[in-house]
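Asker: Next input, structure requested:
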Amino acid sequence: MAPGVRAVSTPSPDRVSDDLVELLTVTQRRVAAGVAGVLAEDGATLDGYRLLRALAGAGGRSMGELVAALHLPAPTLTRLVDAAVDGALAYRLPDPGDGRKVVVHLSDVGRTRLTRLEALVRAHEAALAESLGGGRVEALVRALTDLAG
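Answerer: Numbering: from 1, shown residues only. Alright, predicted model coming up:
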């Protein structure tokens, strides 16, 4: 190396940056991959699970409401809803306030399926909490809730 030139250290590819955006991105992808793996063992996808959850708390939701709630592009959501309808997990009805729109509802079969998937996700989250420590996970959930709100 030439005199007066300092070596620039490059971060190890295994080291995660301390940049907030990078930390959130890496963490989200790792956690989502873990949950997706658990769901895949039962033949479900993460987005399919999220759709069922979004439908569970309401008396039906329009496609626009689902796009906003799930942060998915409309064509992706349409494919998810089509698959849920084909699998008898959900059904569509005309919007009573605007017959040009449809409202997607969770079926009884979908509600049963969601109960099973939620149990799998809770077990995965419990294992994660045990490895990290419950207090740390609770603090993380509080912080992310504040950040998302």
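Asker: and the longest helix for the chain?
Answerer: helix 108-132 (DSSP state H).
Asker: Tell me which residues are up against that helix.
Answerer: Outside of helix 108-132, the residues within contact range by C-beta atoms under 8 Å, 6 or more residues apart in numbering are 31, 34-35, 38-39, 41-42, 44, 49, 52-53, 55-56, 84, 87-90, 106, 137. All C-beta atoms are positioned from the backbone trio N, CA, C, and that covers glycine.
Asker: Looking at these, which are in helices?
Answerer: Going by DSSP H, the helices hold V31, G34, V35, V38, L39, Y49, L52, R53, L55, A56, A84, V137 from those.
Asker: would you list those in JSON lines and tack on neighbour count, pLDDT and distance to D18?
Answerer: Below are the ones in helices among the contacts of helix 108-132 laid out as JSON lines (neighbours: other C-beta atoms under 10 Å; pLDDT from 0 to 100; distance: C-beta to C-beta, whole Å):
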{"residue": "V31", "neighbour count": "13", "pLDDT": "93", "distance to D18": "18"}
{"residue": "G34", "neighbour count": "15", "pLDDT": "95", "distance to D18": "22"}
{"residue": "V35", "neighbour count": "19", "pLDDT": "96", "distance to D18": "25"}
{"residue": "V38", "neighbour count": "18", "pLDDT": "97", "distance to D18": "29"}
{"residue": "L39", "neighbour count": "20", "pLDDT": "97", "distance to D18": "31"}
{"residue": "Y49", "neighbour count": "21", "pLDDT": "98", "distance to D18": "31"}
{"residue": "L52", "neighbour count": "23", "pLDDT": "98", "distance to D18": "36"}
{"residue": "R53", "neighbour count": "16", "pLDDT": "97", "distance to D18": "32"}
{"residue": "L55", "neighbour count": "25", "pLDDT": "97", "distance to D18": "38"}
{"residue": "A56", "neighbour count": "13", "pLDDT": "96", "distance to D18": "37"}
{"residue": "A84", "neighbour count": "23", "pLDDT": "98", "distance to D18": "40"}
{"residue": "V137", "neighbour count": "16", "pLDDT": "88", "distance to D18": "20"}
